[in-house]
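K.L.:
My questions are about this predicted structure, shown below with the sequence.
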Amino acid sequence: MDTRRILEHPVLAPVLSVTFNHDNSCFAVGLDHGFRIYESGSCVLRTSRDFGAGIGMVQMLGRTNILGLVGGGRQTKLSRNKLVLWDDKSKKQAGVISASSLVRGAKMSSKRIVLVLMDRVQVYQTAKPHPLLSTYETTDNPLGLCCLSSERIAFPGRATGHVQLVEIETGNVSIITAHTSALRAMALSQDGELLATASEMGTIIRVYATSNCARLYELRRGIDKAIIFSIGFSPSGKYLACTSDKSTLHVFDVTRPGCGGTRPITSNGGTGHAAGEPSVTSNNRPSSPYSVASSSGGGGGVVVNSNISGPDTAADDGQGRWGFLSKLPLMPRIFSDPYSFASAKFEMADEPVSNGSREPLTRDGGLAIIGGPLKGNLGWISETEMVVIGAGRDPKWEKFAIQEGGQQDGYQGGGRRLVRVGWKRYGGETP
């Protein structure tokens, strides 16, 4: 008789959301029974709390003991209309910020707490008693899109495809007409000097300088439509990565203005429209609903950016995927746009994102996840390493590295390749 033990995967707790802290050194997951915090580079469990009910989102305040919690799951522990500030050292509430509707997302820093609702963003002071400082109206934002750096906040504008960029100290607001279709993902560099945006078309990622809102680069993920899950800059801003429902992680070169490298867009947006996504220029953009006036409670002026093109000159580094075709005049932009220099597949499992939303349904039909996509949550942990983390009933952690030497077929990456160097199914650990 065969008495060998049958090896089975442990029953994993459904992961409702994944969020990173300010430098991606840790990630937190909301569960149907509480939350957990892991080290990003190793996926080692650091903290686990069991409340016996669901936590839909966990937002970390750096590496401190203060967390922002929002209810979620089939049997929620907390209200979905509140951000509860949790002191994990004393294991008790440290404050509550109430909202008039469901909380779609939140960001926290030592100075500001940003609460994202469906049609507005509310900015609070982090110090007690957490007074409301500003309220900004937005277009419908079911994905809870928002980015926070030490100096700036970025979130959708009041028109489709627009971005509002707020300077924290002055309250000044700049409007970037980034896309003609709805925003799908956005990211600020760690120093807040660069902003990357992607729309629901998923073909183009646009990069802007936050100092003057000039569009610097258009990076092409591909030609066919895709759902962009996540985008992010490396710590220095030298690279930008994105994940999509194609189950592919792409990495692009992004060189700061004046440093050469990736080719900036030209003042007329190139020789033709980007395939699958119309070019947005000062002569071809949606009419702006903004006027030069003070923001809602922000105390600063609103500047509508019309100079959204980069420098007139194009510094070509010869890395075009299409070779000599990219040099020919009047060719479609797909031949001259910068593509990723390397890519790799990540795990999607059998949990597709329904209808392009990051909010899959629970068994009882309620919303299960807020604060991040179901799959493909991206975080850079060093200048050449990143992790991709999935939520859901089959949560996985994967670690990728840019390696010198060798080159992927179909890519002109200058002797670089993207390799998966770690993989783990997480969520079933015992604290």
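P.N.:
All right, it came through fine.
K.L.:
so residue 36 makes contact with residue 27?
P.N.:
No - Residue 36 is not in contact with residue 27 according to C-beta atoms under 8 Å; the separation is 9.3 Å. All C-beta atoms are positioned from the backbone trio N, CA, C, and that covers glycine.
K.L.:
what's the closest residue to residue 25 other than its chain neighbours in contact with, if anything?
P.N.:
Closest residue in space to residue 25, ignoring its immediate chain neighbours: residue 40 at 5.7 Å, by C-beta to C-beta, 6 or more residues apart in numbering. Contacts for residue 40 (C-beta atoms under 8 Å, 6 or more residues apart in numbering) come out as 20, 24-27, 379, 381, 387.
K.L.:
Look up how far residue 391 lies from residue 40.
P.N.:
Relative to residue 391, residue 40 is positioned 15 Å away (criterion: C-beta to C-beta, to the nearest Å).
K.L.:
Next: residue 254.
P.N.:
In terms of C-beta to C-beta, residue 254 sits 27 Å off from residue 391.
K.L.:
out of the two, which sits in the busier spot?
P.N.:
Of the pair residue 254 and residue 391, residue 391 is the one with more neighbours under other C-beta atoms under 10 Å, namely 28 against 24.
K.L.:
Touching, that one and residue 349? I think so.
P.N.:
No - counting by C-beta under 8 Å, residue 391 stays clear of residue 349, with 10.2 Å between them.
K.L.:
so what's in contact with the two at the same time?
P.N.:
Counting by C-beta under 8 Å, 6+ apart, the common neighbours of residue 391 and residue 349 are residue 375.
K.L.:
burial count for residue 404?
P.N.:
When neighbours are counted by other C-beta under 10 Å, residue 404 registers 10.
K.L.:
same check, this time on residue 423
P.N.:
13.
K.L.:
Quick check: residue 167 touching residue 150?
P.N.:
No - using C-beta under 8 Å, residue 167 makes no contact with residue 150, being 11.1 Å away.
K.L.:
Quick one, grab the pLDDT at the residue nearest to residue 25.
P.N.:
pLDDT for residue 40: 97.
K.L.:
Any chance of the backbone angles for it?
P.N.:
Taking degrees, to the nearest 10, you get phi -70, psi -40 for the backbone angles of residue 40.
K.L.:
got a list of contacts for stretch 83-94?
P.N.:
47, 49, 59, 65-70, 78, 95-97, 99, 103, 106, 113, 115, 130.
K.L.:
So residue 162 versus residue 199, what's the distance?
P.N.:
The gap separating residue 162 from residue 199 is 11 Å, by C-beta to C-beta.
K.L.:
Next, show the common contact partners of the two.
P.N.:
Common neighbours of residue 162 and residue 199, counting by C-beta under 8 Å, 6+ apart, are residue 178.
K.L.:
re earlier: make TSV from the contacts of residue 40 and add neighbour count to it.
P.N.:
Output for these, formatted as TSV (neighbours: other C-beta atoms under 10 Å):
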residue	neighbour count
20	23
24	19
25	16
26	21
27	25
379	23
381	22
387	23
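K.L.:
quick one: which of these sit in strands?
P.N.:
20, 26-27, 379, 387 (DSSP state E).
K.L.:
farthest pair in these?
P.N.:
Across the ones in strands among the contacts of residue 40, no pair lies farther apart than 26 and 387, at 10.9 Å, counting by C-beta to C-beta.
K.L.:
quick revisit: buried subset of the contacts of stretch 83-94, written for PyMOL?
P.N.:
Buried residues among the contacts of stretch 83-94 (16 or more other C-beta atoms under 10 Å), as a PyMOL selection:
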select buried, resi 49+59+66+67+68+69+70+78+95+97+99+103+106+113+115+130
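K.L.:
Which of the contacts of stretch 83-94 fall in strands?
P.N.:
Among these, the members falling in strands (DSSP E) are 47, 49, 59, 66-70, 95-97, 106, 113, 115.
K.L.:
Between the residues you listed, which sits nearest residue 121?
P.N.:
The nearest member of the ones in strands among the contacts of stretch 83-94 to residue 121, counting by C-beta to C-beta, is residue 115 at 7.1 Å.
K.L.:
need the contact list for the closest one.
P.N.:
Taking C-beta under 8 Å, 6+ apart as the contact definition, residue 115 lies against 83, 97, 99, 103, 106, 121-124.
K.L.:
of those residues, closest to residue 214?
P.N.:
Nearest member of these to residue 214, counting by C-beta to C-beta, is residue 121, at 23.6 Å.
K.L.:
What sits closest to residue 138 if chain neighbours are left out?
P.N.:
residue 156 (4.6 Å).
K.L.:
residues near that neighbour, how many?
P.N.:
Neighbourhood size, residue 156 [other C-beta under 10 Å]: 27.
K.L.:
Also residue 166?
P.N.:
Neighbourhood size, residue 166 [other C-beta under 10 Å]: 25.
K.L.:
Excluding residues flanking it in the chain, which one is nearest it?
P.N.:
residue 153 (4.5 Å).
K.L.:
That neighbour: how many residues sit nearby?
P.N.:
For residue 153, using other C-beta under 10 Å, the count is 24.
K.L.:
Can I take it that it is in a helix?
P.N.:
No - secondary structure of residue 153 (DSSP: H, G, I helix; E, B strand; the rest coil): strand, not part of a helix.
K.L.:
how about it, what does it touch?
P.N.:
107, 112, 114, 121, 123, 146-147, 165-166, 168.
K.L.:
repeat for residue 193
P.N.:
Counting by C-beta under 8 Å, 6+ apart, residue 193 makes contact with 209-211, 237.
K.L.:
quick one: least confident helix or strand in the chain?
P.N.:
strand 302-304 (a mean of 56; mean pLDDT, DSSP states H and E).
K.L.:
how about the following helix or strand past that strand: buried residues?
P.N.:
Using DSSP states H and E, the helix or strand that follows strand 302-304 towards the C-terminus is strand 342-345. Going by neighbour count (16+ other C-beta under 10 Å), the buried part of strand 342-345 is 342-344.
K.L.:
which of the residues you listed lies closest to residue 135?
P.N.:
Closest to residue 135, out of all of the buried residues of strand 342-345 and judged by C-beta to C-beta, is residue 343, at 40.3 Å.
K.L.:
Many thanks, I have nothing further to ask.
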